[in-house]
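# Predicted model, plus sequence, below.
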Amino acid sequence: MSFFKRIFSSEKKETLDKGLEQTKTSFFSKLTKAVAGKSKVDDEVLDNLEEVLVSSDVGVNTTLKIIERIEERVSRDKYLGTDELNSILREEIAALLSETQSGEETEFTVPSTKKPYVIMVVGVNGVGKTTTIGKLANQFKKAGYSVVLGAADTFRAAAIDQLQIWADRVGVPIVKQQMGSDPASVAFDTLQSAVTQNADVVIIDTAGRLHNKVNLMNELTKVKRVMQKVVDDAPHDVLLVLDGSTGQNAFEQAKQFTAATEVSCLAVTKLDGTAKGGVVIGISDQFQIPVKYIGVGEGINDLQVFNKYEFVDSFFK
């Protein structure tokens, strides 16, 4: 791993705490009601806890895993007080996240052996895809890397315009064509430009439409195939951006995109201002794809590297 250069450091913990405030308040309000009048973790408490987790957008399958883990501890320890439930939940959720978020995989790294390093970004319109690309470009640039953006979401004029605004704001070049152009052609031109400029990183935006899986798959496959004519192993990462505030809809989007292309990492945005932060736990567990970034604010520096320990700490603080 020595050829990897780390480029992100964790943002201030206070930003994460503040971003998860609504999720935490909602969750613990429900949890307090679930254990009211109970001193021992029994079947009724577990049933209530199951309802709390599902209603907090953790997802049914992940909730059942967490409940099973707690049932095992109840069986093993014979007596667990409800006053211990908070710390037990914290431990089991951290353990669950560790199964997906293992080792160094949450750190975004640029291998010195890949130049340009190509990231293809996918996701439906409105999830914060363009904003995420802009914030990523800013962090790469701050770390000393040269970045080129590719506006391959050619089905909306607004998508091209928005990416141009971010390119101007961050101060990085952008490759674009007219609305309605072939997305693969834009991706091809972007990579050729990046190679000519000897750029370090390329970030390609793609169409944010959830049309049927076959069309989506064909489109993304074509973009990848054409990019490989310039950089033979591109893209090196496929980042799926999901809107955390949509809760279970984010699960459905993840299903669609993971069926259509090989998603290697996730970004979950808009976690500030929502009580649905539990969706990060469920998505990480169910899709076994690392969550690399979380969006906890509007500022250009409010895209954080996802750290499972800090996330759980903020969730249960």
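Happy to help now that I have it. Predicted, not measured: the structure shown is a model, and the values here were computed from it.
# Flag the shaky bits of the stretch 101-250 of the chain, pLDDT-wise.
For the stretch 101-250 of the chain, the stretches flagged by pLDDT under 70 are 101-108, 210-212.
# Now the residue nearest to Ile174 when sequence neighbours are not counted: which helix or strand?
By the measure of C-beta to C-beta, 6 or more residues apart in numbering, the closest residue to Ile174 outside its immediate chain neighbours is Ala167, 3.9 Å from it. Just so you know, the C-beta spots here come from the backbone N, C-alpha and C atoms, and that holds for glycine as well. Ala167 is part of helix 157-170 when elements are defined by DSSP states H and E.
# which helices and strands sit right next to whatever helix or strand comes next after that helix?
Per DSSP H and E, helix 157-170 leads on to strand 174-175 as the next helix or strand towards the C-terminus. Secondary-structure packing of strand 174-175 (3 or more C-beta pairs under 8 Å, 6 or more residues apart in numbering; DSSP states H and E): strand 147-151, helix 157-170, helix 183-197.
# Need the winner for burial among the ones you listed.
Most buried of these, by mean neighbour count (mean count of other C-beta atoms under 10 Å): strand 147-151, with a mean of 28.
# Give the pairing partners of that one; include direction for each.
strand 174-175 (parallel), strand 201-205 (parallel) (DSSP bridges).
# Now do the strands in the stretch 1-150 of the chain.
4-6, 109-111, 117-122, 147-151 (DSSP state E, counting those that start in this stretch).
# Only C-alpha atoms, please: export the last one in PDB.
Coordinates of each C-alpha in strand 147-151 appear next as PDB, following Å, rounded to 0.1, in the frame of the first residue of the first chain:
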ATOM      1  CA  VAL A 147      -8.000  17.500 -12.100                       C
ATOM      2  CA  VAL A 148     -10.100  17.500 -15.300                       C
ATOM      3  CA  LEU A 149     -13.900  17.300 -15.200                       C
ATOM      4  CA  GLY A 150     -16.000  15.700 -17.900                       C
ATOM      5  CA  ALA A 151     -19.600  16.700 -18.400                       C
END
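# Quick check: phi and psi on the residue at minimal distance from the centre of the chain?
Taking C-alpha atoms, centre = their mean, the centroid of the chain lies closest to Ala267, which sits 1.8 Å from it. Backbone torsions of Ala267, given as degrees, to the nearest 10, read phi -130, psi 130.
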